[in-house]
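Participant: structure of the sequence below:
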Amino acid sequence: MEIIFLGTGQAVPTAQRNHTAILLKYEDENILVDCGEGTQRQFRKAGLNPCKLTKILITHWHGDHILGIPGLLQTLALNNYSNTLDVYGPSGTKKYMDHIMGMFVFVGKIHVQVHEIEEGVFYDKKFILEATPLEHGTPTLAYSFIEKEKKRIDMKKAKNLGLKAGPLIGELQRGKTVKLGKKTVKFSDIGHIDQGKKITFIFDTRICKECVDAAKDADLVISEATYTEEMKDKAAEYKHLTASQAASIAKAANAKKLYLSHISQRHEHEFPKILKEARKVFKNTFIAEDLMKIEV
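Facilitator: Here you go, the predicted model:
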């Protein structure tokens, strides 16, 4: 898996930070979490092809998280996007997407499938996508991408037992016991299970139990950190998180790693302070930057 931070700023962008947009790449899936203004250009700057997009997950419908959708859709249409783009979001998403599609003279054609979701697993195929409602004064969701466990066969062990690639190996991978002459072979004799990884996205919320629930045992949490700790009263007023609150969520959730994003323009020159506050609570914390790429 690869994560590309296309935008890591808050409501007002800066010269260094665009509005929120994060791309998750997994096999043939390209999943965009939020689509702030200018996201289509961030694709170009990152050297990415937007026509490979498969899904957009909208956390909530505040402008800094969605104003890039019209331009991105137009870019896809003009480049002969041939897939069906699945757009997922909280209550109201269908209405808002209808407004977007009707607010300007659209050039070209694109097929968009809109899904309104509330809570729990909403996609379960090659991987799982799960939504958790948060508290931000408007319908808001955290998202978790959960990779399914994979059964791995040690072909060296298999060959030592006289097994070759073929139907019997397939049976073992499906958890069945097979007969090899007088021997009985189980999956555990020649294989192991790789646990899937979990990535959780938490944007625009005050601190609440649901944040911890969403991030439980995540390999990576990407969270807003709009304010420093000295502005925690303002964070509470506007239903946002401080950097140390984001860190406390990662710690309580037993997460492995935390990346901070959605940082207010007022803290543009205070990143060492933000990082220090967060690492006091959760050591494995980092600050995301626009166009940063990380592997998970």
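
Participant: what residue of the protein is the furthest out?
Facilitator: Within the chain, Lys182 marks the point farthest from the mean C-alpha position, 48.9 Å out by CA atoms, centre = their mean.

Participant: and it, what are its phi and psi?
Facilitator: Main-chain torsions, Lys182, degrees, to the nearest 10: phi -90, psi 0.

Participant: quick check: it vs Gly162, distance?
Facilitator: 11 Å (CB to CB, to the nearest Å). Every residue, glycine included, has its C-beta placed from N, CA and C.

Participant: and if you look at Ser223?
Facilitator: 51 Å.

Participant: out of the two, which sits in the more crowded spot?
Facilitator: Ser223 (29 against 11; other CB atoms under 10 Å).

Participant: now Pro184: closest residue in space, sequence neighbours ignored.
Facilitator: One thing to correct before we go on: residue 184 is Thr, not Pro. Closest residue in space to Thr184, ignoring its immediate chain neighbours: Thr177 at 5.9 Å, by CB to CB, 6 or more residues apart in numbering.

Participant: for that neighbour, which residues are in contact?
Facilitator: Going by CB atoms under 8 Å, 6 or more residues apart in numbering, Thr177 touches Thr184, Val185, Lys186.

Participant: phi first, then psi, for the closest residue to the second one other than its chain neighbours.
Facilitator: Leaving out its chain neighbours, the residue that sits closest to Val185 by CB to CB, 6+ apart is Val178, at 5.3 Å. Main-chain dihedrals, Val178, degrees, to the nearest 10: phi -120, psi 160.

Participant: got a pLDDT number for Val178?
Facilitator: According to the prediction, Val178 has pLDDT 82.

Participant: what ranges do the helices span in the stretch 151-296 of the chain?
Facilitator: Under the criterion DSSP state H, counting those that start in this stretch, the stretch 151-296 of the chain contains helices at 155-160, 167-173, 187-190, 209-215, 232-237, 243-252, 271-281.

Participant: quick one: low-confidence parts of the stretch 51-200 of the chain?
Facilitator: For the stretch 51-200 of the chain, no stretch is flagged by pLDDT under 70.

Participant: let me know the pLDDT of the most centrally placed residue in the chain.
Facilitator: With distances taken as CA atoms, centre = their mean, the residue of the chain nearest its centroid is Phe201 (5.1 Å). The score at Phe201 is 98. That number is its pLDDT.

Participant: how near is it to Asp194?
Facilitator: Separation of Phe201 from Asp194 (CB to CB) stands at 23 Å.

Participant: leaving out sequence neighbours, find the closest residue to Gly137.
Facilitator: Per CB to CB, 6+ apart, closest to Gly137 is Lys239, 5.4 Å.

Participant: now Pro50
Facilitator: Phe43 (4.6 Å).

Participant: returning to what we had before: wait, what's in contact with the residue nearest to Val185?
Facilitator: Contacts of Val178 by CB under 8 Å, 6+ apart are Leu168, Glu171, Leu172, Thr184, Val185.

Participant: now these in CSV, with neighbour count and distance to Ala250?
Facilitator: Formatted as CSV, the contacts of Val178 follow (neighbours: other CB atoms under 10 Å; distance: CB to CB, whole Å):
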residue, neighbour count, distance to Ala250
Leu168, 17, 44
Glu171, 14, 41
Leu172, 22, 38
Thr184, 10, 45
Val185, 22, 42
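
Participant: helix/strand/coil for the residue nearest to Pro50?
Facilitator: Under DSSP: H, G, I helix; E, B strand; the rest coil, the three-state class of Phe43 is helix.

Participant: got a list of what it touches?
Facilitator: Residues in contact with Phe43 (CB under 8 Å, 6+ apart) are Leu6, Asn49, Pro50, Leu72.

Participant: for Asp64, same thing?
Facilitator: By CB under 8 Å, 6+ apart, the contact list for Asp64 reads Gly9, Gln10, Ala11, Val12, His19, Thr20, Gly36, Glu37.

Participant: thought the last one was touching Gly68?
Facilitator: Meaning Glu37. Yes: between Glu37 and Gly68 there is a contact under CB atoms under 8 Å: 5.0 Å.
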